[in-house]
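**Q** need a structure here:
(chains A, B, C and D)
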Number of protein chains: 4
Amino acid sequence: MDFSIIRIANIVMNVTDLERSRKFYVDALGFIETESDENNIYLRGLEEHNHHCVHLVKADKAGIVVMGYKVMKESDLDEIEKLFKSKGLKTKWMPKGTQHAMGRALRAQDVSGLSLEFYAEMDKVERLLQRYDLYKGARIQRMDHVNCFVPDVLKAYDFFTKELGFACSEYTALEDDTYYATWLHRKQNVHDQAFMNGEGPRLHHVGFWLPDPLALIHACDVLASLGYQASIERGPGRHGLSNAFFLYLRDPDGIRVELYNGDYLTSDPDLGPIKWDINDPRRQTFWGSKTPDSWFNEGTPFVDIETGVHTDLKPPTLAPRKPQHLI
Amino acid sequence: MDFSIIRIANIVMNVTDLERSRKFYVDALGFIETESDENNIYLRGLEEHNHHCVHLVKADKAGIVVMGYKVMKESDLDEIEKLFKSKGLKTKWMPKGTQHAMGRALRAQDVSGLSLEFYAEMDKVERLLQRYDLYKGARIQRMDHVNCFVPDVLKAYDFFTKELGFACSEYTALEDDTYYATWLHRKQNVHDQAFMNGEGPRLHHVGFWLPDPLALIHACDVLASLGYQASIERGPGRHGLSNAFFLYLRDPDGIRVELYNGDYLTSDPDLGPIKWDINDPRRQTFWGSKTPDSWFNEGTPFVDIETGVHTDLKPPTLAPRKPQHLI
Amino acid sequence: MDFSIIRIANIVMNVTDLERSRKFYVDALGFIETESDENNIYLRGLEEHNHHCVHLVKADKAGIVVMGYKVMKESDLDEIEKLFKSKGLKTKWMPKGTQHAMGRALRAQDVSGLSLEFYAEMDKVERLLQRYDLYKGARIQRMDHVNCFVPDVLKAYDFFTKELGFACSEYTALEDDTYYATWLHRKQNVHDQAFMNGEGPRLHHVGFWLPDPLALIHACDVLASLGYQASIERGPGRHGLSNAFFLYLRDPDGIRVELYNGDYLTSDPDLGPIKWDINDPRRQTFWGSKTPDSWFNEGTPFVDIETGVHTDLKPPTLAPRKPQHLI
Amino acid sequence: MDFSIIRIANIVMNVTDLERSRKFYVDALGFIETESDENNIYLRGLEEHNHHCVHLVKADKAGIVVMGYKVMKESDLDEIEKLFKSKGLKTKWMPKGTQHAMGRALRAQDVSGLSLEFYAEMDKVERLLQRYDLYKGARIQRMDHVNCFVPDVLKAYDFFTKELGFACSEYTALEDDTYYATWLHRKQNVHDQAFMNGEGPRLHHVGFWLPDPLALIHACDVLASLGYQASIERGPGRHGLSNAFFLYLRDPDGIRVELYNGDYLTSDPDLGPIKWDINDPRRQTFWGSKTPDSWFNEGTPFVDIETGVHTDLKPPTLAPRKPQHLI
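**A** Numbering: from 1, shown residues only, chains lettered A, B, ... in the order given. Sure thing, here's the model as predicted:
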């Protein structure tokens, strides 16, 4: 490769009621609202020096506009464009000035139909990491990862590892060793991007990093105090896969958000991918608790980078599967 | 009253396999094993100066032998005997020397058929509160409370508050204000003794105090590491009622154990009982998560203080109820 | 005794700048401001149902007006008056209506010259224990204890244990077994009232209960974020004596405040007082860290209950002592 | 550069009493002892898949043998040899088989006289990240960084950034902007290698990553329980620089060990180095607490890679400086 992707660093999401979303993301979860206008809210975590990691756009229907990857330098964008074009995949330039607080960006649709964006430049703002007086709710530190339903996990895995330079930290295999889900990273923890077998392309969830496990417990308490009990879909619990302490929420538009803390360093090439059998009861929830059906089935569609309408969904290649111990 | 009960301080339980129970209580939960022989294990928490708070007895069938209340002085026992006799309730003296490490004890069967024990004296042993090098598992600090299914909650409540001097911190009421469950205390936190409407008398659970919320999270991790996933029945979560952070486990004989931390001071008489509507979704689990049916239905029988066989169960006075939002 | 003291429940303090104190107690420490006017601020902790536990009064000079003990019932006040009068100690009634939100109160000066207040009634307000969205700073839960310099610890100890019915949980002894400091309680944890040998009567500190150790760490971070580094006098650390995790602060008038979490249950009469040798290096700070001289020497004078001027100080009976390992 | 260093991953230390060191590192701090013989102990953290990150060697005098950097591939070692030779710096090959559980290694003395080692291969062992039943003491997760006194910080900084490819996350500047201390990283957090102005080369400390802040508090408690109070040199506290929650210990040979948790992601090139003024009171300890003189002055010598004797020390280029607020 002649380019270097740093990490997942931004997500642009269509939501139907900005004020309702602000209450959830800012008042309850504790995101910093960098800026906003009547059609947009720009949010960041407490340690982030970039203008935003979540961009909420007012729209008629909820949907994921793009998942944004930050790259090392401007010229990487041109190389990435070449790669996508060489594979016959759609791309679209967003010149500097098109998107608030961002430099030039390349939008692209990948082999699974995911709407991606690559960019090297975003406005720098004050890091609030040591403004502990502003910490509230879940004390969101930064964006951590995205996880998507795709119709063909192996195809998505091949594109991200062989063409985009991602490494695999862990994966779930069926009885015959077929990949059922994969966790891929550029930065040095478990994932920037995960894929699950399922009707897709759809966002399964976007994950944010918390400073410690008690921030997650406090987030549950704050959410309940503010009446968001119904937004807590799953957890708190420990993932066997990734070792993270987790909580899954549904935002006011049903978009799934994960609060996440406690995975591990993946810098060493000899660490090697960890394989989990789909039926290992500790894989999903190390403590063995049940996962609700909604978590297996529901997701948020992407928006086509050209037409702006929801990208068509394709059925999964593999039969959808719940672990045997949950059936 | 002419006697003073201090607190719930001991539970004697029949279990079917001592070695299996030791692995659960000592290796996984971190109880201190004060002493044991081939038929008994005596356990205590890290801050306890009394010889034991859990006495496990080898038996053919699991069951609760007695729930033990510590009183201020020897003469209190005689007064309590008078009270029980005056009500026509069965009593039985256990002279000093009958029970290892304990002074004279009065066993009694209360109005619900619960097997109780009262005592003023137990051998004093070293407190290990500051032997942090011995902390492991859930870091159990001390016994906190017991919760029982009884056929008639109001009758049980009246006996404990009017005759035994307990105060009510919180209660659950049906739509017509009937008491469905009550939390009663002698020591100054939410409860020593709780009652739930249900087929009884049966122990619903015995609760132990933890030093902080992260000890509870760590307990989940240790239990899972040792293969006890199936023992985690419910939680971790926050109770609306009591405000405690909780985890419910089933020991190897199915006896329910609660790990518990974070309720509040109940010293003031003007604090008054807090009433919860049975259908308030935040009552059981402040965060709104579901409670499994087993938690509503299953319990452990008591052993008759005279015959040593399981005490007969009576159907509940009120129809068993799940909160409406769980139906 | 024919009366029953529940617990230390209130402190009235003269401060010189209400707005400056509000920033410290409300913005930084997270007390709930129940009410205030131009001359008074009334504060309470998150679990408290009483109108206030800290009453700040605007004054020219800082000083402690009274330390308030809550009693079980109105008639206890008359019995306490009798006791103080029988010992030739000054008393003064504050009729209902004299103090905002409080019933009738008895003020009294004890054998050490401490300004005390006893009362049975205070207005009830909403408990905010489960309004986690309002938690900030140190997440103060409730008042826990006061600690005072007195010229004669044994005399103070005798009065509180023999006349007022307090029990001793722990004490510090000199080489010849003389009491150098004592920790006394009515409620069931380590102390409501402690005494240290020193020029007195002076308040050494007022202590508040926190929900868990991480709330204390977060309090340090928030204090530093708001520029209060110089207010952190000692800690965080673990006390050997009491086992509490602690932080000592100096409020804007120099009044010492302790954030406190993690002591133990003292309900049992056979627990017995724990003796610490003054030279045991783990007594003051279990982890062995140094205590600054200011902590040993500085305190806040009391205000005479009749004259309103600072109570005269007397030199200590015993020579002031630092532990040998700190010299 | 034609090579890629991954991270600091190992330290080899001469210690004078292996059994005494084992008690400290294994029993108190909770390192996993992978293997040992009469002259060596090999230790690793709970998440580490490499055979060891600390290698203790029995010797007459304490000293640092090498600080080990792991590289991406074998050929990187040859390129690094070329670099060191081109600068006239000493190198020495340790062929595979020379060091237990390791492949070929290149030892080298850098521009400050630091003894370094580079290697691509170490035996893989079982990761114990999810063996929570084995967690004890400080629950050490992995090696994080080393910090060294060097006579000329700018020279050390230039060599590591310009020749070895490290990036600078934070630095301390004197009033005239001279670098006084620098924090440099290859992996994506605040540092693998830090330099402080001082008599050198000496190791200031080796830092290990903890899973959360409560593990650090628990480590203090366990150390105190086992009699290691005198080993706690500084903390717990929050660094302004790096934002980490820290504790500094001295091992039985006086080698300084830092327990460390809570810095931030440094993947983005536009994050840029953060400058701290040496007199900023929040730089060293965000909460403002004092640092003992020993922390500023004491360190451990390195062992010459050829002669095996302690490397000669040189006086610092800049006058040793304590922050003004500490003088």
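
**Q** show me the domain layout of chain A.
**A** A:5-119, A:144-301 (automatic domain parsing).

**Q** closest to D:Val190 out of these?
**A** Closest approach to D:Val190 among the domains of chain A (C-beta to C-beta): domain A:5-119, 11.5 Å. C-beta here means a position set from N, CA and C on the backbone, and glycine is covered the same way.

**Q** end-to-end on the closest one?
**A** 9 Å (C-alpha to C-alpha, to the nearest Å).

**Q** run through the residues of chain A sitting next to chain B.
**A** For chain A, the residues in contact with chain B (C-beta under 8 Å from any C-beta of the partner chain) are A:213-214, A:217, A:220-221, A:223-224, A:229-230, A:232, A:236-238, A:245, A:281-282, A:286-289.

**Q** which ones among those residues map onto strands?
**A** Judged by DSSP state E, these include A:232, A:236-238, A:245 as members of strands.

**Q** most neighbours of all those, which one?
**A** A:Phe245 (28 neighbours; other C-beta atoms under 10 Å in any protein chain shown).

**Q** tell me which parts of chain A are close to chain C?
**A** Counting by C-beta under 8 Å from any C-beta, chain A sits next to chain C at A:27-28, A:130-136, A:212, A:214, A:218, A:221-222, A:224-226.

**Q** mark which of the residues you listed are buried, thanks.
**A** Buried members of those, scored by 16 or more other C-beta atoms under 10 Å in any protein chain shown, are A:27-28, A:130, A:132-133, A:135-136, A:212, A:214, A:218, A:221-222, A:224-226.

**Q** and the closest residue to chain C within the stretch 51-200 of chain A, how far from chain D?
**A** Using C-beta to the nearest C-beta, A:Tyr132 is the residue of the stretch 51-200 of chain A that sits closest to chain C, at 3.7 Å. Separation of A:Tyr132 from chain D (C-beta to the nearest C-beta, to the nearest Å): 9 Å.

**Q** shouldn't that residue be in contact with C:Gly227?
**A** No - using C-beta atoms under 8 Å as the test, A:Tyr132 is too far from C:Gly227 to be in contact (11.9 Å).

**Q** list the residues that contact the residue lying closest to A:Arg142 once chain neighbours are set aside.
**A** The spatially closest residue to A:Arg142, leaving aside those adjacent along the chain, is A:Gly45, at 4.2 Å (C-beta to C-beta, 6 or more residues apart in numbering or on different chains). For A:Gly45, the contact set (C-beta atoms under 8 Å, 6 or more residues apart in numbering or on different chains) comprises A:31-32, A:53, A:140-143, A:208-209.

**Q** rewinding a little: near chain D too, which of the residues of chain A next to chain B?
**A** Restricting the residues of chain A next to chain B to those near chain D - C-beta under 8 Å from any C-beta - leaves A:213-214, A:282, A:286.

**Q** redo these as TSV? Include pLDDT.
**A** Formatted as TSV, those follow (pLDDT from 0 to 100):
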residue	pLDDT
A:Pro213	96
A:Leu214	96
A:Arg282	81
A:Phe286	90
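
**Q** tell me the two of those residues that are most distant?
**A** Top of the distance list for those (C-beta to C-beta): A:Leu214 and A:Arg282, 23.3 Å.

**Q** which residues touch A:Arg127?
**A** So A:Arg127 contacts A:46-49 (C-beta under 8 Å, 6+ apart).

**Q** just the buried ones from those?
**A** Using 16+ other C-beta under 10 Å, the buried members of the contacts of A:Arg127 are A:46-49.

**Q** so what touches the helix or strand of chain A with the lowest mean pLDDT?
**A** Least confident helix or strand of chain A, by mean pLDDT, DSSP states H and E, is helix A:281-284 with a mean of 80. Under the contact criterion C-beta under 8 Å, 6+ apart, helix A:281-284 has outside partners A:172, A:239-241, A:276-277, A:288, A:291, A:323, A:325, B:224, B:229, D:130.

**Q** if you set the cut-off to 10 Å instead, what comes out?
**A** A:170, A:172, A:181, A:234, A:237-242, A:276-278, A:287-288, A:290-291, A:295-296, A:322-326, B:224-225, B:227, B:229-230, D:130 (C-beta atoms under 10 Å, 6 or more residues apart in numbering or on different chains).

**Q** and the buried ones among those, selectable in PyMOL?
**A** Typed into PyMOL, the line below selects the buried ones among the contacts of helix A:281-284, using 16+ other C-beta under 10 Å:
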select buried, (chain A and resi 170+172+181+234+237+238+239+240+241+242+276+278+287+288+291+295+296+323) or (chain B and resi 224+225+229) or (chain D and resi 130)
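
**Q** coming back round to it: ok, the contacts of A:Arg127 vs chain B, which is closest?
**A** Checking the contacts of A:Arg127 one by one against chain B (C-beta to the nearest C-beta), the nearest turns out to be A:Leu46, at 21.0 Å.

**Q** which ones are touching the closest one?
**A** In this structure, A:Leu46 makes contact with A:30-32, A:127-132, A:134-136, A:139-142, A:209, A:211, D:264, judged by C-beta under 10 Å, 6+ apart.

**Q** name the element it belongs to?
**A** Per DSSP states H and E: A:Leu46 is located in neither a helix nor a strand.

**Q** how close does it sit to chain C?
**A** 11 Å.

**Q** enumerate every residue touching A:Gly63.
**A** Here A:Gly63 is in contact with A:12-15, A:57, A:115, A:202-203, A:253, A:255, A:300-304, A:308-311 (criterion: C-beta under 10 Å, 6+ apart).

**Q** the one residue in the stretch 101-250 of chain A that gets nearest to chain B - nearest residue in space that isn't next to it in sequence?
**A** Closest to chain B within the stretch 101-250 of chain A is A:Gln229: 2.9 Å, counting by C-beta to the nearest C-beta. Of all residues not flanking A:Gln229 in the chain, B:Gly288 sits nearest, at 2.9 Å (C-beta to C-beta, 6+ apart).

**Q** cool, A:Pro320 as well?
**A** Closest to A:Pro320 by C-beta to C-beta, 6+ apart is A:Gly198, at 6.2 Å.

**Q** for that neighbour, give me phi and psi.
**A** Per-residue torsions, A:Gly198: phi 170, psi 170 (degrees, to the nearest 10).

**Q** that one: how many residues sit nearby?
**A** By other C-beta under 10 Å, neighbour count at A:Gly198 equals 26.

**Q** how about A:Met94?
**A** 17.

**Q** bridging residues for the spatially closest residue to it that is not a sequence neighbour?
**A** Excluding the flanking residues, the one nearest A:Met94 by C-beta to C-beta, 6+ apart is A:Ala105, at 4.2 Å. Taking DSSP bridges as the rule, A:Ala105 bridges to A:Met94, A:Tyr119.
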